[in-house]
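Undergrad: what's the 3D shape of this:
(one chain, ligands or ions: 1)
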Amino acid sequence: MTNQDLKFPEGFLWGGAVAANQCEGAYLEDGKGLSLVDLLPSVEHGRFEALMNPKKALETNYNFYPSHDSIDFYHRYKEDIKLFAEMGFKCFRLSISWPRIFPNGDETNPNEKGLEFYDQVFAECKKYGIEPVVTINHFDTPVGLMRDYNGWASRKTIDFYLNFCETIFKRYKDQVKYWMTFNEINMILHVPMFGGGMDISDAENPEQLKYQAIHHQLVASARATKLAHDINPENQVGCMLAAGATYPNTPNPDDVFAAMEADREGYFFVDVQARGYYPSYSKRLFKEKNIQLEIADGDLETLRDYTVDYVAFSYYSSKLTSADPEVNQKTDGNVFATLKNPYLKASEWGWQIDPVGLRITMNAIYDRYQKPLFIVENGLGAVDKVEADGSINDDYRIDYLREHVRAMHQGIEDGVELIGYTPWGCIDLISAGTGEMKKRYGFIYVDRDNEGNGTLERKKKKSFDWYKKVIESNGADLN
Ligand code: BG6
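TA: Numbering: from 1, shown residues only. Just a heads-up that it's a prediction; the model follows:
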């Protein structure tokens, strides 16, 4: 039974999302350099510790690195894109591995073999009429930039990044129109190694170092936006935020203010990228954290003149906060601090499930920026069971997605301009946070376990057929 009232706007970009470092594997093939993610073991072997102490990650030899082979998208992209096409994908969000194109990060000339790989991937997308949506930097800064420059702490990284951007904007001028400059740009505040390719453990004032790196990224993002538009005026460039509205733990005005401040922590980035200037509240923030930004001549004009075309975001959950530090205990398994919300259920990894929170988040972001929105990540990480007959009955995932699609539709009815939806990990891949394989998000199952055993065979889950119907009916059939 379909419900025509649930139909999405014509041309809505239904699709799915992955990132190079979590699916490609082939970690040193065809001239690729090491990505910092290639230094990380899985959670049982110290991933969190390595993430928070990149020096340790550089110096330690772990037994097993999940990203090295991953799900081998590098060799299996044809089969995978064919399956995406079978689901009816209108778009496919992927990232370009920076160290595949510039192995150390600071070379002048790119690695031709790396560029050829994406030529082929985009050609395959085109064959099925799938629009690529490309994240330029998704957590995989080349190790060389982290080791030799401390990543985004150095202003020089702006030029290395822009050289990477110029190379790919020119090469894929006729293949790619939708770009995003940084995945979850606010992640740098929580996991500086992922977000900034940097180590802050020795910094006298880590906040100073983080915000200086953020300034470099914001300038780089604005200059990349200009470059993309100069190279092809049709290009659409977005920023990308790890979003999720923060609720106050009680109606106590102090809690309400704490929730507002928690949301501003993320909005800070989009305020600059979408409006073109540092928000007025940043004066107080910098004063309290004793931060003095080094801003070069022309930086503020660059930020002002080259704002983004759309605002993309990931949404997995809302958050709950209190003004009282004693109350503010964290839940497990999430880099974003949150209290347990008694009104919500949570995933096996403690991520709270809140479809209404998606509607709230969409409205809040749209009210603030009035630019088109793109939900480029959303989904449920869960353990899937392959039954004796080979079927995978992931009804829990279907339930999660159905409620989020409904909420999205409500958001559109509220007046939000939403251009697309790419649920995360449309094919099972390595978890960014834990390095696990058993935390699965996909419509397509991949036979591989946490230790890297398995045939890598792909199997359709029940959600595969469900999502296919959703796309076919443009959202009218959610059964
Ligand atoms: C986002 C990232 O933070 O969440 C993805 O952009 C990541 O790279 C996703 O995979 C889900 O997180 P996790 O830790 O379950 O893989």
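Undergrad: okay, the residue of the chain found nearest the ligand: pLDDT?
TA: Taking Cβ to the nearest ligand atom, the ligand has its nearest neighbour within the chain at residue 433, 2.7 Å off. No exception for glycine: its C-beta is placed from N, CA and C like everyone else's. The model reports residue 433 with a pLDDT of 95.
Undergrad: what's near enough to touch the residue nearest to residue 198 when sequence neighbours are not counted?
TA: Nearest non-adjacent residue to residue 198, counting by Cβ to Cβ, 6 or more residues apart in numbering: residue 151, 3.8 Å away. Remark: with contacts taken as Cβ atoms under 8 Å, 6 or more residues apart in numbering, residue 151 is in contact with 141, 145, 157, 196, 197, 198, 213.
Undergrad: that older thread, what about the residue of the chain closest to the ligand, neighbour count?
TA: Applying other Cβ atoms under 10 Å, we find 18 residues neighbouring residue 433.
Undergrad: again, but for residue 251
TA: Neighbour tally, residue 251, other Cβ under 10 Å: 7.
Undergrad: I'd guessed residue 71 sits against residue 25; true?
TA: Yes: contact criterion Cβ atoms under 8 Å: residue 71 and residue 25 qualify, at 6.7 Å.
Undergrad: Those two: which is more packed in?
TA: residue 71 (26 against 21).
Undergrad: so what's that one scoring on pLDDT?
TA: 98.
Undergrad: before we move on, what about residue 332?
TA: 50.
Undergrad: what do you get for the one 3 residues further on?
TA: The predicted structure scores residue 335 at 72 on the pLDDT scale.
Undergrad: Also residue 302?
TA: Reported pLDDT for residue 302: 98.
Undergrad: which ones are touching it?
TA: 219, 222, 223, 226.
Undergrad: The third one belongs to a strand, doesn't it?
TA: No: counting by DSSP: H, G, I helix; E, B strand; the rest coil, residue 223 is located in no strand; its state is helix.
Undergrad: out of the contacts of residue 151, which is most surrounded?
TA: If you rank the contacts of residue 151 by neighbour count (other Cβ under 10 Å), residue 197 sits at the top with 31 neighbours.
Undergrad: Would you mind confirming that that one is in contact with residue 146?
TA: Yes: using Cβ under 8 Å, residue 197 is in contact with residue 146, at 4.5 Å.
Undergrad: what residues do the two have in common as contacts?
TA: residue 36.
Undergrad: ok, back up a step: format the contacts of residue 302 as a markdown table; extra columns: distance to residue 271, pLDDT and neighbour count.
TA: A markdown table is the format used below for the contacts of residue 302 (distance: Cβ to Cβ, whole Å; pLDDT from 0 to 100; neighbours: other Cβ atoms under 10 Å):
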| residue | distance to residue 271 | pLDDT | neighbour count |
| --- | --- | --- | --- |
| 219 | 15 | 99 | 23 |
| 222 | 13 | 99 | 25 |
| 223 | 18 | 98 | 21 |
| 226 | 19 | 98 | 14 |
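Undergrad: Among these, which ones lie close to the ligand?
TA: Among the contacts of residue 302, proximity to the ligand is found for none (Cβ under 6 Å from any ligand atom).
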